[in-house]
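**Q** here is my input; please provide its structure:
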Amino acid sequence: MTQRIYRISEEIKREISSIIQNELKDPRLPEFVSVVSVDTTRDLRYARVYISVLGNEEDKKNAIEGLKNAAGFIRREIGHRIKLRYTPELIFELDNSIEQGIYINKLINDTIKGD
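**A** Here you go, the predicted structure:
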């Protein structure tokens, strides 16, 4: 990933986080939705947005569905906030890396307490 694409991806990540926290009023979105990373293609046509949701499977499914429905609004807001030739089309995907990290930490702590 070139430095320019990396900077654009980080800017998109910051703006999407702000939009989710402050402007989306969808009841399907739980309180703890975080943007883990954004991978933007070199031609700036697509951006894959990895989302972490703390909650059960139903909350995760509802959150991804809510974000997919709001993708047009979020894309338009990004287009207003970041001056780019093309505003990338957003593809939301669920990322379980934070939950897996919490689970591994729990296993390590249980092992240490067991000794």
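**Q** secondary structure element for the closest residue to residue 39 other than its chain neighbours?
**A** Nearest residue to residue 39 in three dimensions, chain neighbours excluded: residue 48, at 4.6 Å (CB to CB, 6 or more residues apart in numbering). To be clear about C-beta, it is placed using only N, CA and C from the backbone, and glycine gets the same treatment. For residue 48, the host element (DSSP states H and E) is strand 46-53.
**Q** off-centre distance for that strand?
**A** Distance of strand 46-53 from the chain centroid (CA atoms, centre = their mean, to the nearest Å) equals 4 Å.
**Q** pull out the buried positions in that strand.
**A** For strand 46-53, burial by neighbour count (16 or more other CB atoms under 10 Å) applies to 47, 48, 49, 50, 51, 52, 53.
**Q** what helices and strands are in contact with that strand?
**A** Contacts defined by 3 or more CB pairs under 8 Å, 6 or more residues apart in numbering; DSSP states H and E place strand 46-53 against helix 3-22, strand 33-40, helix 57-69, strand 89-94, helix 97-114.
**Q** any idea which of those gets closest to residue 81?
**A** Closest approach to residue 81 among these (CB to CB): helix 3-22, 5.3 Å.
**Q** contacting residues around the closest one?
**A** 1, 29, 33-35, 37-40, 42, 44, 47, 49, 67, 74, 77-78, 81-82, 84, 88, 90 (CB atoms under 8 Å, 6 or more residues apart in numbering).
**Q** put the buried members of those into a PyMOL selection.
**A** In PyMOL, this line selects whichever of the contacts of helix 3-22 come out buried by 16+ other CB under 10 Å:
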select buried, resi 29+33+35+38+39+40+44+47+49+67+74+77+78+88+90
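**Q** just say helix, strand or coil for residue 30.
**A** What DSSP: H, G, I helix; E, B strand; the rest coil gives for residue 30 is coil.
**Q** surely it touches residue 55?
**A** Yes - counting by CB atoms under 8 Å, residue 30 touches residue 55, with 5.1 Å between them.
**Q** need the overlap of contacts for these two.
**A** Shared contacts of residue 30 and residue 55, counting by CB under 8 Å, 6+ apart, come down to residue 63.
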